[in-house]
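K.L.:
pasting the sequence and the predicted model now:
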Number of protein chains: 2
Amino acid sequence: MEQTTSEKILDVAQTLVVAGGYNGFSYADISEAIGIRKASIHHHFPTKAQLVSVLLQRYAKQAEDGLNAVSANVSNPVDRLQAYFGHWQSCITQTSEPFCVCAMLASEIELLPEEVAAHVRRHFENLSRWLASTLTQGVKQGQFRLSVAAEEEAQILMASVHGAMLSARAFGRPEIFAAIVGPQLGRLSP
Amino acid sequence: MEQTTSEKILDVAQTLVVAGGYNGFSYADISEAIGIRKASIHHHFPTKAQLVSVLLQRYAKQAEDGLNAVSANVSNPVDRLQAYFGHWQSCITQTSEPFCVCAMLASEIELLPEEVAAHVRRHFENLSRWLASTLTQGVKQGQFRLSVAAEEEAQILMASVHGAMLSARAFGRPEIFAAIVGPQLGRLSP
DNA sequence: AATTGCCTACCTACTAATAGGTAGATTCAA
DNA sequence: TTGAATCTACCTATTAGTAGGTAGGCAATT
């Protein structure tokens, strides 16, 4: 088998969450998309909260691997940030994944099951930590000059990326993402 | 009567949308919050899409009035942006309205009823237009120096605000909003 | 080799609760 | 006494989740 049913379910669920958030999809939607019965989905993922939790665990692993790969393969901190931005830019322009699943869920975090909310918070922490450490390295190597602390600049960059995703979606114009995020890097050069 | 039932319904609905988006609330929630039956809400707003549409019309009016008031009463473009940022900063720190209702809805725009989605798009256009014109005036008066076009810088600022809202919510730390948005103004001075 | 038991995966058929929405009667104020 | 506002009482569709069963694979026992 190429892909297990569980993986298919998670893939579809992720697409649906990206499209409409936690309350924007149902087991029936997944069922229809992959052609199995609702009950079979419950066999793999007893509750919706568990399904989305597993989804976010998988996402966290992918994200961690992705960021680690960038850190390992790209020596220049400027290029590292570029790689991160570029990842999202291609996701969005190809409309393959036009929004970060955690950003999507963060907006409705107040009414998420606690176990799901915890995953979302952790993602925000991990991402801002990676950005901050990348910035710190760039400062050490003289490639960045920051006007605020690295942690704060990391928050600014992360917010830019999320806000850019939102605007691209709201205007229905993927190219807006690059227009917003692009100038951010220039700001940091000494 | 101090406040009409319609207004009460809209107020509660707005709070609920801000908390969890379009699919995150129901007529039953509103009914419970203000102590009337579901059917009575349908009397005022026959469908959910109409309810949210009226909500967004009202919101657009308030936003327009607010921005016009700033333009009228604050002559300095720097202070105008400051006033806009400050508005959201106090909304968020007082947790009275911790998120823009249109930003919330924009994230799930793909599955909104078309009439609702149209309102959301219009809000993004209006806000970015106001920001761009404020920036342009500031440039003319020599208070801003932009490294990109005013329209693009407006998009950057708007994205910062929305991303900052999201981070403040995700981390559960309202002060993050100011930490992200605060440094944006400094960037623009010549 | 055949049987037994267990497992995974999936099914049909159901539940209780909730969703948005409707019909028609009643209340109440102008 | 008309009309708006609210009510009770309902409807249909959908929600997440459950009950119970079937088909086939795998392995140990006979």
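P.N.:
Received the coordinates, thanks.
K.L.:
give me the neighbour count for whichever residue of chain A sits closest to DNA strand D.
P.N.:
Closest contact between chain A and DNA strand D, by CB to the nearest atom of the strand, is at A:Ser26 (2.9 Å). C-beta: built from backbone N, CA, C; applies to glycine. Counted by other CB atoms under 10 Å in any protein chain shown, the residues lying close to A:Ser26 total 12.
K.L.:
dihedrals phi and psi, it?
P.N.:
phi -140, psi 170 (degrees, to the nearest 10).
K.L.:
just checking, A:Ser6 touches A:His43?
P.N.:
No: A:Ser6 is beyond contact range of A:His43, at 9.7 Å (criterion: CB atoms under 8 Å).
K.L.:
measure how buried A:Gly182 is and give me the count.
P.N.:
Neighbours around A:Gly182, by other CB under 10 Å: 16.
K.L.:
what helix or strand is the residue nearest to it when sequence neighbours are not counted located in?
P.N.:
Using CB to CB, 6 or more residues apart in numbering or on different chains and skipping the chain neighbours, the partner closest in space to A:Gly182 is A:Phe85 (7.8 Å). For A:Phe85, the host element (DSSP states H and E) is helix A:77-93.
K.L.:
what comes up buried for that helix?
P.N.:
For helix A:77-93, the neighbour count (16 or more other CB atoms under 10 Å in any protein chain shown) marks A:77-85, A:88-89, A:91-92 as buried.
K.L.:
now for these: which two are most distant?
P.N.:
A:Pro77 and A:Ile92 (23.1 Å; CB to CB).
K.L.:
any low-confidence regions in chain A?
P.N.:
Scanning chain A with the threshold set as pLDDT under 70 gives A:1.
K.L.:
do a quick rundown of the helices in it.
P.N.:
Ranges of helices in chain A, per DSSP state H, are A:5-20, A:27-34, A:38-44, A:48-73, A:77-93, A:101-107, A:114-140, A:150-171, A:175-188.
K.L.:
got CSV for these, with distance to B:Leu10 too?
P.N.:
Shown next, in CSV, are these (distance: least, CB to CB, whole Å):
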stretch, distance to B:Leu10
helix A:5-20, 23
helix A:27-34, 30
helix A:38-44, 36
helix A:48-73, 30
helix A:77-93, 34
helix A:101-107, 21
helix A:114-140, 28
helix A:150-171, 22
helix A:175-188, 30
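K.L.:
and B:Asp65, which of those is closest to it?
P.N.:
Between those, helix A:150-171 lies closest to B:Asp65; by CB to CB that is 21.8 Å.
K.L.:
just the buried residues of that closest one, please?
P.N.:
A:150, A:152-171.
K.L.:
try stretch A:123-137
P.N.:
For stretch A:123-137, by 16+ other CB under 10 Å, it's A:His123, A:Phe124, A:Leu127, A:Ser128, A:Trp130, A:Leu131, A:Ala132, A:Ser133, A:Thr134, A:Leu135, A:Thr136, A:Gln137.
K.L.:
what does that stretch contact?
P.N.:
For stretch A:123-137, the surrounding residues in contact (CB atoms under 8 Å, 6 or more residues apart in numbering or on different chains) are A:56, A:59-60, A:63-64, A:67, A:71, A:77, A:80-81, A:84, A:102, A:106, A:144, A:146, A:150-151, A:153-155, A:157-158, A:188, B:167, B:170-171.
K.L.:
so A:Ala49 touches A:Glu115, yeah?
P.N.:
Yes: using CB under 8 Å, A:Ala49 is in contact with A:Glu115, at 5.9 Å.
K.L.:
between A:Ser6 and A:His43, which one's more packed in?
P.N.:
In terms of neighbours (other CB under 10 Å), A:Ser6 is the more surrounded of A:Ser6 and A:His43; the figures are 15 against 12.
K.L.:
contacts only, for the more buried one.
P.N.:
Applying CB under 8 Å, 6+ apart, we find A:Ser6 in contact with A:His44, A:Phe45.
K.L.:
same question for A:Pro183.
P.N.:
Each residue near A:Pro183 by CB under 8 Å, 6+ apart is listed here: B:Ser147, B:Val148, B:Glu152, B:Ile156.
K.L.:
next, format the residues you listed as a markdown table and append distance to B:Asp11.
P.N.:
Listed next are the contacts of A:Pro183 as a markdown table, based on distance: CB to CB, whole Å:
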| residue | distance to B:Asp11 |
| --- | --- |
| B:Ser147 | 42 |
| B:Val148 | 39 |
| B:Glu152 | 36 |
| B:Ile156 | 32 |
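K.L.:
tell me the one of those nearest B:Ile34?
P.N.:
B:Ile156 (39.8 Å).
K.L.:
kindly report the residues of chain A close to DNA strand C.
P.N.:
With CB under 7 Å from any atom of the strand as the criterion, chain A meets DNA strand C at residues A:Thr4, A:Thr5, A:Gly35, A:Ile36, A:Arg37, A:Lys38, A:Ala39, A:Ser40, A:His43, A:His44.
K.L.:
report the buried members of the residues you listed.
P.N.:
For these, a neighbour count by 16+ other CB under 10 Å gives the buried set as A:Ile36, A:His44.
K.L.:
now, which of the residues of chain A next to DNA strand C sits nearest chain B?
P.N.:
A:Lys38 (18.8 Å; CB to the nearest CB).
K.L.:
centroid-nearest residue for chain A?
P.N.:
With distances taken as CA atoms, centre = their mean, the residue of chain A nearest its centroid is A:Cys100 (3.4 Å).
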